[in-house]
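# when you get a sec, could you give me coordinates for this:
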Amino acid sequence: MKKICFLLIVACAFLSCEDTKTSTPTSEEVQKTETPKTTKKEKKKEKKHVFITTENVLDYMIDYGKKNPETRVRIVTDFGNIDIQLYKETPYHRANFIMLAKRDYFAGTQFHRVVKDFVIQGGNSDGWNIAKKRQKIGKYLLPPDTKKGFKHDRGVISMPSGELDHVYKMASPFEFFIVQKKGGTHHLNKEYTAFGKVIAGMDVVDEIANQETDKGEWPKKNIIIKRVEVLD
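Got it, this is the predicted structure:
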């Protein structure tokens, strides 16, 4: 009789164990299985690779600007450094420039348009690698911000026209120009957004403006932007 009872106890224990393995999981267990927690690193990675569009650009730049409040950058070129103070009063353009600098977009771009006694324009290149960088960041335009009272004086950095500017007056986010003309280019005040000014390195701007160009205003010798450093 004792042997029978012992066998029954063992059998029950065995069945109970099997039942635990094959039983239907609770809704809580299913939830844990189907939606694993995202780690902090994964969240940062996801946020870093947000694809920017004209539809989400303002929300993106507002959020990015709050978390990245820097206002001073350094453009490192073959001819020397150009230090720029970005205006807090033009938040979208400031945040956009800081974002591009931190994503290392400008490394390898060029001052591709040089007009002596007018402007030097940079942020683009004829290299495929720069086009690939743009594709990864997004396809978007920035709305103009021309009512903050900033004028296109000598040394001011501003945004050039984008593909749709003729219709929507939007600004290309990847390129910029620096006013080199003495006395400024004030006819641009209501057309483009001035979002910063040169605080050191105008001699470098002048040297770049003096380079020989072809008929399309492209320098005959490449003027490379090695990188843009965010200072503070």
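# what is the burial count for H112?
By other CB atoms under 10 Å, 21 other residues sit near H112. C-betas here are computed from N, CA, C, even on glycine.
# next up, the contacts around it.
Contact analysis of H112 by CB atoms under 8 Å, 6 or more residues apart in numbering lists 121-122, 124-126, 218-219.
# any buried residues in whichever strand or helix holds it, and which?
Using DSSP states H and E, H112 maps to strand 109-115. Neighbour-count burial for strand 109-115, counted by 16 or more other CB atoms under 10 Å, picks out 109-114.
# got the CA coordinates for it in CSV?
Extracted in CSV, the C-alpha atoms of strand 109-115 (Å, rounded to 0.1, in the frame of the first residue of the first chain):
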residue,chain,number,x,y,z
THR,A,109,31.9,69.6,-47.7
GLN,A,110,33.3,72.7,-49.5
PHE,A,111,32.9,76.4,-50.0
HIS,A,112,31.5,75.7,-53.4
ARG,A,113,30.5,79.2,-54.4
VAL,A,114,32.8,82.2,-53.9
VAL,A,115,31.9,85.7,-55.0
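# quick one: strands adjacent to the helix or strand following it?
Counting by DSSP H and E, the next helix or strand C-terminal to strand 109-115 is strand 119-124. If you go by DSSP bridges, strand 119-124 pairs up with strand 109-115 (antiparallel), strand 176-179 (antiparallel).
# and Y92, which of the ones you listed is closest to it?
Taking CB to CB, strand 176-179 is the member of these nearest to Y92, at 13.7 Å.
# what secondary structure does L100 sit in?
Following DSSP: H, G, I helix; E, B strand; the rest coil, L100 is assigned to helix.
# what about it, neighbour count?
Neighbour tally, L100, other CB under 10 Å: 21.
# now F51
12.
# again with V230
16.
# do the same with P69
12.
# adding mean pLDDT and distance to R94, write the strands paired with strand 119-124 out as TSV.
Formatted as TSV, these follow (pLDDT from 0 to 100; distance: least, CB to CB, whole Å):
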stretch	mean pLDDT	distance to R94
strand 109-115	97	19
strand 176-179	98	12
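# now the helix or strand hosting I225: buried residues?
According to DSSP H and E, I225 maps onto strand 224-230. Going by neighbour count (16+ other CB under 10 Å), the buried part of strand 224-230 is 224-225, 227-228, 230.
# helix or strand: which one has D203?
Per DSSP H and E: helix 202-209 holds D203.
# got a list of contacts for the strand holding I225?
In contact with strand 224-230 (CB under 8 Å, 6+ apart) are residues 70, 72-78, 97-98, 100-102, 104, 106-111, 122-123.
# in stretch 182-189, what's buried?
In stretch 182-189, counting by 16+ other CB under 10 Å, buried: 184-185, 188-189.
# looking at neighbours, which among the contacts of H112 is most surrounded?
G122 (28 neighbours).
# name the nearest residue to that residue, ignoring sequence neighbours.
Nearest non-adjacent residue to G122, counting by CB to CB, 6 or more residues apart in numbering: F111, 4.3 Å away.
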